[in-house]
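Visitor: got a predicted model here, sequence first, then my questions.
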Amino acid sequence: MRLMLMLAFSALLVASAAQANSPTESNNLVSGEEMRRLVTQNRIFLATPFGGELPLTYYGDGRVDGSGEAVGLGRWLAPKDKGRWWIAGNQLCQQWEQWYDGKRFCFTLEKAGPASVIWRRDDGYSGKARLARR
């Protein structure tokens, strides 16, 4: 059952990644310090292929909270999770307690407009996120 839940969640993120624009190497890449400022001053909403958004809240003390309730993740896995985040060089890294079985991932961010970014995870997946001031 747990494997099915992880596959369903992975499928959601893969589909989300497929709809996003692929980032390019450019001057729009966000530096580590700017990344820290962006994620702690804003709520991050990951776009999903179903038209919904997955909200993530990053706190200055290294905590991160996520909720998939609005996009129906509760049918497949824990609808909410919490974890830790940190900056490593020019990457945003995070590790959830339950999602992804606690695996660590790191991301680069590229500015895609005044209130959006394109993320690229270290395993090659990418997607788009909206930033909303907290």
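Guide: Everything's here; your move. Worth saying up front: this structure is predicted, and the values here are computed from it rather than measured.
Visitor: surely Trp119 is in a strand?
Guide: Yes: counting by DSSP: H, G, I helix; E, B strand; the rest coil, Trp119 is found in a strand.
Visitor: quick check, it in contact with Arg130.
Guide: No: at 11.6 Å, Trp119 does not count as touching Arg130 under the criterion of Cβ atoms under 8 Å. Every C-beta, even on glycine, is put in place using the N, C-alpha and C of the backbone.
Visitor: and the two? Which one has more around it.
Guide: Using other Cβ atoms under 10 Å, the more surrounded residue of Trp119 and Arg130 is Trp119, with 21 against 17.
Visitor: for that one, give me its contacts.
Guide: Shown in contact with Trp119 (Cβ atoms under 8 Å, 6 or more residues apart in numbering): 23, 92, 107-110, 126-129.
Visitor: can you list those residues in JSON lines and add secondary structure, pLDDT and neighbour count?
Guide: JSON lines is the format used below for those (DSSP: H, G, I helix; E, B strand; the rest coil; pLDDT from 0 to 100; neighbours: other Cβ atoms under 10 Å):
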{"residue": "Pro23", "secondary structure": "coil", "pLDDT": "41", "neighbour count": "20"}
{"residue": "Leu92", "secondary structure": "strand", "pLDDT": "98", "neighbour count": "25"}
{"residue": "Phe107", "secondary structure": "strand", "pLDDT": "97", "neighbour count": "21"}
{"residue": "Thr108", "secondary structure": "strand", "pLDDT": "98", "neighbour count": "20"}
{"residue": "Leu109", "secondary structure": "strand", "pLDDT": "97", "neighbour count": "25"}
{"residue": "Glu110", "secondary structure": "strand", "pLDDT": "97", "neighbour count": "21"}
{"residue": "Ser126", "secondary structure": "strand", "pLDDT": "95", "neighbour count": "18"}
{"residue": "Gly127", "secondary structure": "strand", "pLDDT": "95", "neighbour count": "26"}
{"residue": "Lys128", "secondary structure": "strand", "pLDDT": "96", "neighbour count": "20"}
{"residue": "Ala129", "secondary structure": "strand", "pLDDT": "97", "neighbour count": "25"}
